[in-house]
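Asker: Everything below, folded, please.
(4 chains)
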Protein chains: 2
Amino acid sequence: MNRSAKTELFERLAQVAHAIANPHRLELLDLLVQAPRSVEQLAVASAMSLANASQHLQRLKRTGLVVGARRGTTIRYRLADPAVARLWMQLREVAVSQLADVERALDQYRPQRQQFPTITPAALQAKMARGEMLLLDVRPAEEFAAGHLPGALSLPLEELPMRLAELPATALIVTYCRGPLCVYADEALAQVIASGRRGVRLEEGVAEWQVAGYMLEHGERS
Amino acid sequence: MNRSAKTELFERLAQVAHAIANPHRLELLDLLVQAPRSVEQLAVASAMSLANASQHLQRLKRTGLVVGARRGTTIRYRLADPAVARLWMQLREVAVSQLADVERALDQYRPQRQQFPTITPAALQAKMARGEMLLLDVRPAEEFAAGHLPGALSLPLEELPMRLAELPATALIVTYCRGPLCVYADEALAQVIASGRRGVRLEEGVAEWQVAGYMLEHGERS
DNA sequence: ACCGTATTCAATAATTCTATTGAGTAGATG
DNA sequence: CATCTACTCAATAGAATTATTGAATACGGT
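Answerer: Numbers count the residues shown, from 1 in each chain, chains lettered A, B, ... in the order given. Below you'll find the model as predicted:
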């Protein structure tokens, strides 16, 4: 049997796995799933030093998971392929489904996640057709611009306290954010409900929505 | 923001990624996707020392990717969850689609892979309904027993040379094995075609067939 | 209760990975 | 062309990972 070729093949695959086997690099990928970003943006968002973020991005680039392209004075990194986002989701699924630790860590990070009602993408899709709710994207504006659910209103979490009054008083309000590892939708929902309105959280995020086969809209808030 | 909880969460995810970030452990998973096995079987099949295989299995077990259960005098390891198989497939998809290196390594390992015609699972499913072909599972018998395509005949590659004459002379023969990283179906097909018969290779393996939503049969050859 | 065997454990040296620091580079902007 | 900024590179010390060896353990069979 062709053992050396086999060994080499598995070594290549392990290199890819190794590229995602680091908490910082996973966080970078998690951010890039939402929208392309510059090195500095990524470093700030993930609380890393600039040099360290750059180094990790280099590694991801070498392995073919992300690509960088100059854009004015900065370099924007983005995922090389949607398959990378799926890999990240599948890793998350395995981790969350297997490990009680991860559940506990997730509860730690999203303390309100069991507190509010949720809705599945399929149920939301049905509701959207009937138009009886307001869909609220509470991620930063740049991530909204890079892709959002059709008909959603962009209202970043930090602006929500100021603009809460703009929201309709009676219609159901559906909040969503980056996905299951993101607290934004929980925190927004807490404010919405505290204001006396009815609200639910979408279980998943934009990337999961797209992988499930539903459409996205692109561009700035209209 | 809750940085320390976030850090811990990503660390847990990275642990899972780390568990698959080793060529030997990937090979163990690749084998376990096909069928449960004992430590010794796994060590032999992956050309590792027994202690080393055991150590790697421990690591996979600690991370929750496999589980071991005593069965008579040996301990059988199996995947903890089908999600693990999907993770392995998704990793393979990313690696193969991104890296020219992987394509090259794969060509090295499966030199005949471009040589013979292939058929997709969907096309095979249609053909099976009309029953105009013979479906040949050329994996070891134990893997056949753990799950195989409906109606397939078990004919392990090593027995093929002796039993080639049993195969029908005119019907189309479809060979399949573990999946895209496996050479068995290629080698079987080479023999089938050399004997003057018509044959094609199924592009994917048993695990991919199942993930695509098709049924499997279980048990020994009938 | 004992024996035999399948599996695991412990220790270790070689290799690989990581964050930090400070210097270096490429390219846009004027 | 000069300058400024965003980013990358290089060196390094500390930490983690790995294969091997030989010993230890645990369990089923008798």
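Asker: neighbours around residue A:134, how many?
Answerer: 19 (other C-beta atoms under 10 Å in any protein chain shown). To be clear about C-beta, it is placed using only N, CA and C from the backbone, and glycine gets the same treatment.
Asker: quick one, what contacts it?
Answerer: A:153, A:167-168, A:171-174 (C-beta atoms under 8 Å, 6 or more residues apart in numbering or on different chains).
Asker: Next: residue A:5.
Answerer: B:105, B:108-109.
Asker: Can you pull the poorly scored residue ranges out of chain A?
Answerer: Along chain A, segments meeting pLDDT under 70 span A:1, A:99, A:221-222.
Asker: Quick one: the strands in it, in order.
Answerer: Secondary structure of chain A by DSSP state E: the strands cover A:37-38, A:66-71, A:74-79, A:118-119, A:133-137, A:153-154, A:172-176, A:199-202.
Asker: Tell me the spacing between the most centrally placed residue in chain A and DNA strand C.
Answerer: Among the residues of chain A, the one closest to the centroid is residue A:178, at 3.0 Å (C-alpha atoms, centre = their mean). The gap separating residue A:178 from DNA strand C is 22 Å, by C-beta to the nearest atom of the strand, to the nearest Å.
Asker: Same check on residue A:166?
Answerer: According to C-beta to the nearest atom of the strand, residue A:166 stands 35 Å off from DNA strand C.
Asker: thinking again about what came up before, also within reach of chain A: list those from the contacts of residue A:5.
Answerer: Of the residues in the contacts of residue A:5, proximity to chain A by C-beta under 8 Å from any C-beta of the partner chain holds for B:105, B:108-109.
Asker: can you redo the contacts of residue A:134 as TSV with neighbour count and distance to chain B?
Answerer: Putting the contacts of residue A:134 into TSV (neighbours: other C-beta atoms under 10 Å in any protein chain shown; distance: C-beta to the nearest C-beta, whole Å) gives the following:
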residue	neighbour count	distance to chain B
A:153	17	24
A:167	18	24
A:168	10	29
A:171	14	30
A:172	15	28
A:173	22	23
A:174	26	24
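Asker: I'd like the ones next to chain A among the contacts of residue A:5 laid out as a markdown table, including distance to DNA strand C and neighbour count.
Answerer: Shown next, in a markdown table, are the ones next to chain A among the contacts of residue A:5 (distance: C-beta to the nearest atom of the strand, whole Å; neighbours: other C-beta atoms under 10 Å in any protein chain shown):
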| residue | distance to DNA strand C | neighbour count |
| --- | --- | --- |
| B:105 | 17 | 23 |
| B:108 | 20 | 14 |
| B:109 | 21 | 22 |
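Asker: Distance to DNA strand D added to these, as a markdown table?
Answerer: Listed next are the ones next to chain A among the contacts of residue A:5 as a markdown table, based on distance: C-beta to the nearest atom of the strand, whole Å:
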| residue | distance to DNA strand D |
| --- | --- |
| B:105 | 18 |
| B:108 | 20 |
| B:109 | 19 |
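Asker: Closest one to residue A:160 out of those residues, please.
Answerer: residue B:105 (50.1 Å; C-beta to C-beta).
Asker: wait, the closest one sits on residue A:12?
Answerer: Yes: between residue B:105 and residue A:12 there is a contact at 5.3 Å, judged by C-beta atoms under 8 Å.
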